[in-house]
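J.: return atomic coordinates for the entry below.
(one chain, ligands or ions: 3)
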Amino acid sequence: MEETSRIVRQRIRITGVVQGVGFRPYVYATALRHGLAGFVANDSAGVLIEVEGRETTVADFIHALGENPPPLSRIESTQVEEITPSGEAGFSIQHSHPIAGENTPVPPDIATCHDCLKELFDPADRRYRYPFINCTNCGPRFTIIQDLPYDRPQTTMAKFPMCAACAREYHDPLNRRFHAQPIACPDCGPKLFLQPSNLEGEIALLEAKRLLREGAIVAIKGIGGFHLACDATNNAAVMELRRRKGRVGKPFAVMAPSLESIHLYAEVNPEEARILTGRERPIVLLNRRKNSPDKLSALVAPGQIQLGFFLPYSPLHVLLLDETPLIMTSGNRSDEPIVRENEEALERLATLADAFLLHNRDIYMVCDDSVVRVLDAQELPIRRSRGYAPLPVQLPVSGPATLGVGGELKATFCLTRNQRAYLSQHIGDMENLETQQAYERTLEQMRRLFRIDPEVVVCDLHPGYLSSRWASEFADANRLPLIKVQHHHAHAAALMTEHSLPEDNQILAVAFDGTGLGTDGAIWGGEILQAGYRSFHRLGHLKYAPLPGGDSSIKKPYRIALSHLYAANLSWNEDLPCVQACSENERRILARQLSQNLNSPPTSSMGRLFDAAASLIGLRHEVSYEAQGAMELEALAAACCTTGAYEFAIEHQDGFIFDPAPIWREMIDDLRHNTSIPVIAAKFHRSVADLIVRSCQLARAQTGLNTIGLTGGVFQNVYLLKLTMAAFMKEDFTVLIHRTVPPNDGGLSLGQATAGICALNGSH
Ligand code: ZN
Ligand code: ZN
Ligand code: FE
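T.: Ligands and ions are numbered 1, 2, ... in the order given. A predicted model of the protein is given here:
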């Protein structure tokens, strides 16, 4: 008895997402309940607690901490150490103090919570209709934090001194806004205004709504950047937005006022509803509702059976949306990064927007909206950004602090330190100076925020990528080793990392992708790899076909179709849609190019095979955005049911070679027998799924490996994923798909980082 009731003092260190999420008040309340003395503080490593009291009570307290942590927190580790009691009385929340050389995760931006929504619409509340209402459980985080520890002076809220009422809430540990750093009210917080009409507050909001109703395009400053908004049911407005943005066919995302409203236009199953209403609030791609009672403009997502919907995630959005859904597309000129500052918006979006709904809270970190598809009740990330970034991915390997610079399209980078990989938000296609500048800025910000000085740099094998060139300059300037990782190896490593596979594991990676430079100089993208983190071996691939004109032909799938027919020894018969799409003159030039092998690099790209198929059946001959043909092919196939399939020939040469020639022959046959286009599209998908399973069986027999990884941009195709996973079910394989990072090049930087770390570990 004497033993257990002795007075002890324990120092408890908790790491994880524990700052900016109400963790200190939670600790405080728990300590009060247990009648313990001591303190809790944030530092740059996480949360530090010291408690003093009877040994049994202290043990109870530590147990209780893990029981009901705040909803936004994520505990990674808890360390307890006994120290000498100091005789302190009472429990306090102490000031934050930084620790050199440590880093702690930062929470992502969180959608407005129910408590705040209730106040927002309560006429008696002092924050009634205040567009910047937030609390400890919701509001901006990542986009306003300039440095750690996360405290108001280190956020873009620093310039708003709290009024007495806000300060009272902020300092009251039992208030739900205790230490809510972005706390604000109409008296002391950010203000809304409209340009060019110079209106403020509620009147600015009402005028913006009126303009939108009348078909205007309004630039709206949000959480992580600007949106361009217009009425999604107004055809003329949507057409005008497309004209001004120079965006021909790429689908727009639509923000709807409520789940009920989305139901009018799209089918929403319970899992999709859960993700739509979740605190991350991503754009969710949903199947368009047939016979919808209400009509969106056909120009929102031409040719797609899926529509990207999301729900309001900031109080401003909530106030802005009435009954009409709005297009909310990234506020940028095509191919440029999203706009962040008021001045920048007024200048760069001047020709795009009729009016600007602005506010004076600065966005420090740009963060675009996230996009997901839903498969088997879980997210399949298409673009990992707001709401998810910058939560770290737990690394299954350890090594030096590493920077993976990503690829070219859908660029992200990845900074690692110890067991944490901080994957950046989506930055954009690294094809111009503006995007490269945005990339550099974001990298600087994240290096500072997480206190990471990379010791190793990893890039793609492709020397022409802006990111590769940047990496080599950066490595030179800082005298750091530069490691190059083959594109599809990086895709496989990313998948292995997010599934926490140990360092010595290997998988059979099916890397079906658009483009990536191979080790033989060809353009890969239809590969079966025996892959570990450190190295890979290519077991099989789609038979090479020439890509006449290289990457420039990607925009013209009919040229790829003709080239595939050429490679398969099939004639360019006039009755084929892809032949008709090509002028006689162009055909003559193309034929010479192919026969003399002029500027026609060989490619095994599966993405291009989908493009070729889309053109062959007359669906899409020219594309205005990446994977357009493949997406439309998927849309057709998913809407139809057939059990038929074509069959790839598998040749055994130096590995397995998948020859599509028989597929083209059968497809042409079907075309000539007037088989419906959706049926052909579905049969094409089934033949690819069959190919995956057959080749994995061969690869398993050769390697003894039983874990399959489906990675690369082609696996954004949910219809193909479903077919493939169903086929694998009967075969007793373990199948991994992407759940945390995108299967497309947005996930590449994570795989580069782990592959780089392991390459370095292996070389020692
Ligand atoms: Zn809230
Ligand atoms: Zn206030
Ligand atoms: Fe790729």
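
J.: neighbours of the residue in the stretch 301-450 of the chain that ligand 1 sits nearest to, how many?
T.: With CB to the ion as the measure, Pro315 is the residue of the stretch 301-450 of the chain nearest to ligand 1, at 9.1 Å. Using the backbone N, CA and C atoms, a C-beta is placed for each residue, glycine as well. Close neighbours of Pro315, defined as other CB atoms under 10 Å, add up to 23.

J.: ok, it - contacts?
T.: Thr112, Cys116, Leu117, Leu120, Tyr130, Pro131, Phe132, Ile133, Asn134 (CB atoms under 8 Å, 6 or more residues apart in numbering).

J.: just curious, which of those is nearest to Gln486?
T.: Set against Gln486, the nearest of these by CB to CB is Thr112 (43.7 Å).

J.: could you pull up the residues touching that closest one?
T.: Leu120, Ile133, Asn134, Cys138, Gly139, Pro312, Tyr313, Ser314, Pro315, Val318.

J.: what about it, which helix or strand?
T.: Element membership of Thr112, judged by DSSP states H and E, is empty: it is in no helix or strand.

J.: quick one: Ile338 is in a helix?
T.: No: counting by DSSP: H, G, I helix; E, B strand; the rest coil, Ile338 is not part of a helix but coil.

J.: so how far is Gln437 from it?
T.: Ile338 sits 13 Å away from Gln437, going by CB to CB, to the nearest Å.

J.: compare the two (neighbour count), which wins?
T.: Shown here are Ile338 and Gln437; by other CB under 10 Å, Ile338 has more neighbours (23 against 11).

J.: surely the more buried one touches Gly225?
T.: Yes: the criterion here is CB atoms under 8 Å, and Ile338 meets it with Gly225 at 3.8 Å.

J.: now list whatever residues contact both of these two.
T.: Ser330, Gly331, Val366, Asp368.

J.: of those, which is the nearest to ligand 3?
T.: Distance to ligand 3 across the shared contacts of Ile338 and Gly225 (CB to the ion) is lowest for Asp368, with 19.4 Å.

J.: give the contact list for Asn550.
T.: Just to correct that, residue 550 is Gly rather than Asn. Ile523, Asn599, Ser600, Pro601.

J.: please pick the buried ones from those residues.
T.: Among the contacts of Gly550, those buried by neighbour count (16 or more other CB atoms under 10 Å) are Ile523, Ser600, Pro601.

J.: in strands, which of those fall?
T.: Taking DSSP state E as the definition of strands, the buried ones among the contacts of Gly550 contribute Ile523.

J.: turn the buried ones among the contacts of Gly550 into JSON lines, including distance to Leu565 and pLDDT.
T.: Below are the buried ones among the contacts of Gly550 laid out as JSON lines (distance: CB to CB, whole Å; pLDDT from 0 to 100):
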{"residue": "Ile523", "distance to Leu565": "19", "pLDDT": "96"}
{"residue": "Ser600", "distance to Leu565": "14", "pLDDT": "93"}
{"residue": "Pro601", "distance to Leu565": "18", "pLDDT": "95"}
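
J.: in CSV, list the buried ones among the contacts of Gly550 along with distance to Ala753.
T.: Putting the buried ones among the contacts of Gly550 into CSV (distance: CB to CB, whole Å) gives the following:
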residue, distance to Ala753
Ile523, 24
Ser600, 34
Pro601, 28
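
J.: where's the nearest residue to Tyr533 once chain neighbours are set aside, which helix or strand?
T.: Ranked by CB to CB, 6 or more residues apart in numbering and with sequence neighbours excluded, the top spatial neighbour of Tyr533 is Cys758, at 3.7 Å. For Cys758, the enclosing helix or strand under DSSP H and E is helix 748-763.

J.: buried residues in that helix?
T.: In helix 748-763, counting by 16+ other CB under 10 Å, buried: 748-760.

J.: tell me the mean pLDDT for that helix?
T.: Per-residue pLDDT values over helix 748-763 give a mean of 94.

J.: CA atoms of that helix as CSV?
T.: Output of helix 748-763 as CSV, limited to C-alpha atoms (Å, rounded to 0.1, in the frame of the first residue of the first chain):
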residue,chain,number,x,y,z
LEU,A,748,5.8,9.0,-57.5
SER,A,749,7.8,11.2,-55.1
LEU,A,750,7.0,8.9,-52.1
GLY,A,751,8.3,5.9,-54.0
GLN,A,752,11.4,7.8,-55.1
ALA,A,753,12.1,8.6,-51.5
THR,A,754,11.9,5.1,-50.2
ALA,A,755,13.7,3.6,-53.2
GLY,A,756,16.4,6.2,-52.7
ILE,A,757,16.8,5.5,-49.0
CYS,A,758,17.0,1.7,-49.6
ALA,A,759,19.5,2.1,-52.4
LEU,A,760,21.7,4.1,-50.1
ASN,A,761,21.2,1.6,-47.2
GLY,A,762,22.1,-1.2,-49.6
SER,A,763,25.3,0.4,-50.8
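
J.: other SSEs contacting it?
T.: Here helix 748-763 is seen to pack against strand 402-404, strand 414-417, strand 420-423, strand 456-460, strand 482-485, helix 487-498 when contacts are counted using 3 or more CB pairs under 8 Å, 6 or more residues apart in numbering; DSSP states H and E.

J.: is it anywhere near ligand 3?
T.: No: residues of helix 748-763 are not located near ligand 3 by CB under 5 Å from the ion, the shortest gap being 6.3 Å.

J.: nearest to ligand 2: which residue in the stretch 601-750 of the chain?
T.: Thr740 (38.2 Å).

J.: so that residue sits against Val393, correct?
T.: Yes: judged on CB under 8 Å, Thr740 makes contact with Val393 at a distance of 6.0 Å.

J.: flag the shaky bits of this structure, pLDDT-wise.
T.: 1-4, 97-103, 763-764 (pLDDT under 70).

J.: for the stretch 651-764 of the chain, which segments count as strands?
T.: Secondary structure of the stretch 651-764 of the chain (DSSP state E, counting those that start in this stretch): strands at 655-659, 707-711, 734-736.

J.: same list (the ones you listed) but as JSON lines, adding mean neighbour count.
T.: Putting the strands of the stretch 651-764 of the chain into JSON lines (neighbours: other CB atoms under 10 Å) gives the following:
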{"stretch": "strand 655-659", "mean neighbour count": "18"}
{"stretch": "strand 707-711", "mean neighbour count": "25"}
{"stretch": "strand 734-736", "mean neighbour count": "17"}
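
J.: columns distance to Gly38 on top of those strands, output as TSV?
T.: Output for these, formatted as TSV (distance: least, CB to CB, whole Å):
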stretch	distance to Gly38
strand 655-659	64
strand 707-711	47
strand 734-736	45
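
J.: ligand 1: which of these is closest?
T.: Proximity to ligand 1, assessed across these by CB to the ion, is greatest for strand 734-736 (36.2 Å).

J.: hmm, who's touching that closest one?
T.: Under CB under 8 Å, 6+ apart, the answer for strand 734-736 is Leu495, Met496, His499, Ile507, Asn706, Thr707, Ile708, Gly709, Leu710, Thr724, Met725, Phe728.
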